[in-house]
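>>> structure, please.
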Amino acid sequence: MCATLSREQLARLTSGVGDLPVKLFAEDAPCDCEIVFGNPEASIVSANAKLRWMQLESVGFGEYVGLDWTRPEGRVTVTNLAGFFADPVAETALAGILALYRGIDVLVRFQSEHRWVGDPLRASLRSLKGAAVVLVGHGAINRRLAELLVPFGCSIKPITRSSPASVLDEALGQADLVVCTAPDAAGTKSLFDVARLAKLPAGAVFCNFGRGSIVDEDALADALEEGRLGGAVIDVTRQEPLPSGHRFWATPNLILTQHSGGGTADELDRKIDLFLANLSRFRAGVPLEGVVDFSRGY
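Next up, the predicted model:
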């Protein structure tokens with residue numbers, strides 16, 4: 001186990017694994033376990049010749065891409081939390097979108113300043129009803145978000161990994177709202193650069209809940225500061241934690257959710273449940289859920 005557990009969680013995990021011994025270790029501590037639950041440092045994983053299965057505590061696995069998973073000591077299976085965060089991330093995205101559309105972010109700031117604006121604010125507020133939405137990446141998160149948008153009568157345009165660049169560009173040119181949940185892969189790095197962000201209509205809202213490498217952050221900050229875009233909801237950034245001098249801290253109309261979009265109070269308990277269910281499959285010799293295909297990038 002490479003995770004911080006409460007006494008109750010450790011007891012439940014220990015009971016759930018039956019006769020298997022449980023070891024707790026830090027991310028940078030040597031580990032010789034055959035089964036690992038958590039996200040140890042890549043160098044620790046590489047040095048563990050006994051490892052046979054690693055259940056990640058995340059969806060992302062970028063730090064492990066360069067490792068040899070078919071090494072002479074034996075093949076290693078890696079599973080992630082694919083689909084695990086769909087509900088909370090989709091809800092965070094919707095909350096951020098509605099906050100921008102309805103001016104909640106501005107009202108919170110006014111409240112902290114003890115400043116009453118009232119009626120003059122009304123003309124700047126927008127309705128999400130009937131918005132043209134482009135969903136870049138059509139995995140569990142954006143599919144769930146599409147369901148949440150149904151009551152608003154939005155038109156939805158999904159962009160998948162097989163969609164040509166021309167289809168994406170055409171869709172962006174007509175978008176009121178763009179939500180990106182694409183993974184970090186060769187084809188998605190700097191996907192939203194200066195040229196592509198410029199294709200968005202004036203006032204459009206851009207959201208990134210995929211990976212920080214997808215967006216040219218300076219280009220996005222420029223577009224918001226110049227008023228070309230109507231707002232942004234950013235959960236992931238190229239460097240985390242975000243440096244204190246980064247432009248996003250002061251960029252107008254940008255809501256920064258600090259990679260917390262998938263969080264819930266019972267998050268770790270649900271991860272333990274998922275691990276124990278996969279452990280049962282591992283012991284039974286049946287296929288595991290969430291097996292990572294490093295060749296495809298997810």
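>>> and the strands in the stretch 101-250 of the chain, which stretches?
132-136, 155-159, 177-180, 205-208, 231-234 (DSSP state E, counting those that start in this stretch).
>>> what's in contact with the third one?
Think strand 177-180. Under the criterion C-beta atoms under 8 Å, 6 or more residues apart in numbering, residues 93, 97, 128, 131-137, 142, 145, 154, 172, 191-192, 200, 204-210, 214-215 lie in contact with strand 177-180. (Glycine included, C-beta is placed from N, CA and C.)
>>> same check on the last one?
If you take C-beta under 8 Å, 6+ apart as the criterion, strand 231-234 is touched by 93, 96-97, 99-100, 205-209, 215, 220, 224, 248, 251, 253-257.
>>> can you tell me the SS state at residue 90?
helix (DSSP: H, G, I helix; E, B strand; the rest coil).
>>> residues near it, how many?
The burial count assigned to residue 90 is 25, neighbours taken as other C-beta atoms under 10 Å.
>>> isn't it up against residue 144?
Yes - Residue 90 is within contact range of residue 144, at 4.0 Å (criterion: C-beta atoms under 8 Å).
>>> let's have the strands of the stretch 101-250 of the chain in TSV, adding distance to residue 240, mean neighbour count and mean pLDDT.
Formatted as TSV, the strands of the stretch 101-250 of the chain follow (distance: least, C-beta to C-beta, whole Å; neighbours: other C-beta atoms under 10 Å; pLDDT from 0 to 100):
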stretch	distance to residue 240	mean neighbour count	mean pLDDT
strand 132-136	21	24	98
strand 155-159	25	17	98
strand 177-180	17	25	98
strand 205-208	13	26	98
strand 231-234	11	25	98
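>>> for residue 207, see how far away residue 234 is.
Per C-beta to C-beta, to the nearest Å, residue 234 is found 7 Å from residue 207.
>>> and residue 56, by the same measure?
For residue 56, the distance to residue 207 equals 24 Å [C-beta to C-beta].
>>> likewise for residue 182?
If you measure residue 182 against residue 207 using C-beta to C-beta, the figure is 12 Å.
>>> ditto for residue 201
Per C-beta to C-beta, residue 201 is found 15 Å from residue 207.
>>> go ahead and confirm residue 217 touches residue 243.
No - taking contacts as C-beta under 8 Å, residue 217 lies outside contact range of residue 243: 11.2 Å.
>>> okay, the two: which has more neighbours?
Between residue 217 and residue 243, residue 217 has the larger neighbour count (other C-beta under 10 Å), namely 19 against 11.
>>> residues touching that one, list them.
For residue 217, the contact set (C-beta under 8 Å, 6+ apart) comprises 237-238, 246-248.
>>> name the nearest of those relative to residue 51.
Closest approach to residue 51 among those (C-beta to C-beta): residue 238, at 29.6 Å.
>>> and that closest one, how far is that from residue 77?
Here residue 238 is placed at a distance of 30 Å from residue 77 (C-beta to C-beta).
>>> more neighbours: which of those two?
In terms of neighbours (other C-beta under 10 Å), residue 77 is the more surrounded of residue 238 and residue 77; the figures are 17 against 13.
>>> which residue, neighbours along the chain excluded, lies closest to that one?
Setting aside the residues directly before and after it, residue 77 is nearest to residue 53 in space (C-beta to C-beta, 6 or more residues apart in numbering), at 4.8 Å.
>>> next, count neighbours for that neighbour.
By the criterion of other C-beta under 10 Å, residue 53 has 19 neighbours.
>>> could you double-check that residue 277 sits in contact with residue 290?
No - taking contacts as C-beta under 8 Å, residue 277 lies outside contact range of residue 290: 10.4 Å.
>>> what does stretch 120-137 rub up against?
For stretch 120-137, the external contacting residues (C-beta under 8 Å, 6+ apart) are 97-98, 101-103, 106-107, 142, 145-146, 149, 152-161, 168, 171-172, 174-183, 191, 210, 230.
>>> emit the ChimeraX select command for whichever of these are buried.
Buried members of these, defined by 16 or more other C-beta atoms under 10 Å, are picked up in ChimeraX with:
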select :97,101,103,106,142,145,146,149,152,154,156,157,159,161,168,171,172,175,176,177,178,179,180,181,182,183,191,210,230
